[in-house]
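Asks: Let me see the structure of the following:
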Amino acid sequence: MKNTLSKTLLLLIVGGAALAVCFFGYKAKSDSVRKQKIEYAQQTAKKESANIKAIKTRVEKFYVNSSHDTLLNNVSKENVKKEYDKLSSIKISAQDFGVPEKYLTSDVKELGNEKDDVLKLINDVQDKLNIQSKISDLFEGGIKDWQKEPTSDVSAKLAIKDGVKKETVNKLKEPINTKGGTWNKIASQYLNIANVQVDQLTDIETLISKMIKDGKITKDATTDNYALLTSKIDNIKNDKLKSKYMDQATNINSQMTSNVEATPVESDDSETPVESPSEEQETAESTVAVETPPVAQEPTVTPQQQNNNTVPQGQQVETPSQEVPTGNSTQSNTNQDTTTVPNDNNQTPQTNPQVPNQGNTPSGSGSN
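Replies: Predicted coordinates:
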């Protein structure tokens, strides 16, 4: 029994010693591996430090100046992505090296911070390029200069594209507001130009829809509204849209003109039709009745008239018929007075009496 107990104790001592050797051996190996990783991290940090600085230098050249505000006009998304891929390939964090961060030296930690700063610059450039591209796509021909605020000449030439909605423009305000500086002012001004032109198109479409429905003009198709419509169309910068809306305005104007020409003249009595006067009525209305009253007394005859108008005894003196023009017809004066000269040797010869002037009838003369 003593031998059995001795053997058991011996086995326990040997086993414990073996475990201790294994434990300390594993720990020593682990410390050695970690030490190698730390040394590798330090060596890598020295090598990658130069690469990170080179990437940062190239990225900073995407900006107009060191303020990291506005971008150069020749910056492309492809060039920015290349720098992003190069930076992403650099392993500099504790996780990249597979060691706890507390074992990294301060140099390695500082290099990790530099990498993060360069990544922020790259993200800033990418964000601004994306926003610039979206704003540029709002206009025909796009925007060429993002380095300075748009002048009045630039604004006058920018033409909004067909189909741009108000919601599309408004959605771009939020990402713009996350950026500051001059770039924010430039982007905001271009966005305001787009907003103004979209509002113009919306006003025109609203006015047209009021003036014409289902292809027919409405009561709102007035001369004032038409003048307002054409003035708004003249302000459109997009030639295709201007032509499109001008065609619609021309259609409205044509219908307005046709309606004016076709409007009948209404009678005061809507139940009694207006009849054209007959030819007899027109003749009767245009004819002026002329009546010659009978001679009331003999007019005084002068000696000169006696000499010029002496006729043989017993003959009648005829008064010429008088005609009164009345429109298309002429009425003759049928009242022809005759005077018989008495057969008396002592009687003074008589001349024709004068016919008094009646109304507009031409006056007759007693002498020839």
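
Asks: any idea of the mean pLDDT in the helix or strand residue 249 falls within?
Replies: Element membership for residue 249, per DSSP states H and E: helix 239-262. Helix 239-262 shows a mean pLDDT of 90.

Asks: what do you get for stretch 108-121?
Replies: On average, stretch 108-121 scores 90.

Asks: Start the count at 80 instead of 1 going forward.
Replies: Got it, first residue is 80 now, which makes that one stretch 187-200.

Asks: Please save the CA atoms from it in CSV.
Replies: Written as CSV, here are the backbone C-alpha positions of stretch 187-200 (Å, rounded to 0.1, in the frame of the first residue of the first chain):
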residue,chain,number,x,y,z
VAL,A,187,2.5,53.8,-34.5
LYS,A,188,-0.5,55.3,-32.8
GLU,A,189,0.3,58.8,-34.3
LEU,A,190,0.6,57.3,-37.7
GLY,A,191,-2.8,55.8,-37.4
ASN,A,192,-4.2,59.2,-36.6
GLU,A,193,-2.5,60.6,-39.7
LYS,A,194,-4.2,58.0,-41.8
ASP,A,195,-7.6,58.9,-40.4
ASP,A,196,-7.0,62.6,-41.2
VAL,A,197,-6.1,61.7,-44.8
LEU,A,198,-9.2,59.5,-45.0
LYS,A,199,-11.4,62.5,-43.9
LEU,A,200,-9.9,64.7,-46.6
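
Asks: Name the residues of that stretch that are buried.
Replies: 187, 190-191, 193-194, 197-198, 200 (16 or more other Cβ atoms under 10 Å). C-betas here are computed from N, CA, C, even on glycine.

Asks: hmm, who's touching that stretch?
Replies: 120-121, 124, 127-128, 131-132, 134-135, 138-139, 147, 163, 166, 169, 171-172, 180 (Cβ atoms under 8 Å, 6 or more residues apart in numbering).

Asks: what's the burial count for the residue nearest to residue 184 when sequence neighbours are not counted?
Replies: Nearest non-adjacent residue to residue 184, counting by Cβ to Cβ, 6 or more residues apart in numbering: residue 121, 5.9 Å away. By the criterion of other Cβ atoms under 10 Å, residue 121 has 15 neighbours.

Asks: any idea how far residue 178 is from residue 121?
Replies: Per Cβ to Cβ, to the nearest Å, residue 121 is found 11 Å from residue 178.

Asks: give me phi/psi at residue 238?
Replies: Backbone torsions of residue 238, given as degrees, to the nearest 10, read phi -120, psi 120.

Asks: so how many other residues sit close to the closest residue to it other than its chain neighbours?
Replies: Leaving out its chain neighbours, the residue that sits closest to residue 238 by Cβ to Cβ, 6+ apart is residue 316, at 3.7 Å. Residues lying near residue 316 (other Cβ under 10 Å) number 17.

Asks: What of the one 10 residues further on?
Replies: The tally of other residues near residue 326 (other Cβ under 10 Å) stands at 10.

Asks: Contacts only, for it.
Replies: Residue 326 touches nothing, counting by Cβ under 8 Å, 6+ apart.

Asks: so how far is residue 319 from it?
Replies: Taking Cβ to Cβ, one finds residue 326 at 11 Å from residue 319.

Asks: For the stretch 180-329 of the chain, which segments count as strands?
Replies: For the stretch 180-329 of the chain, the strands defined by DSSP state E, counting those that start in this stretch cover 291-292, 295-296.
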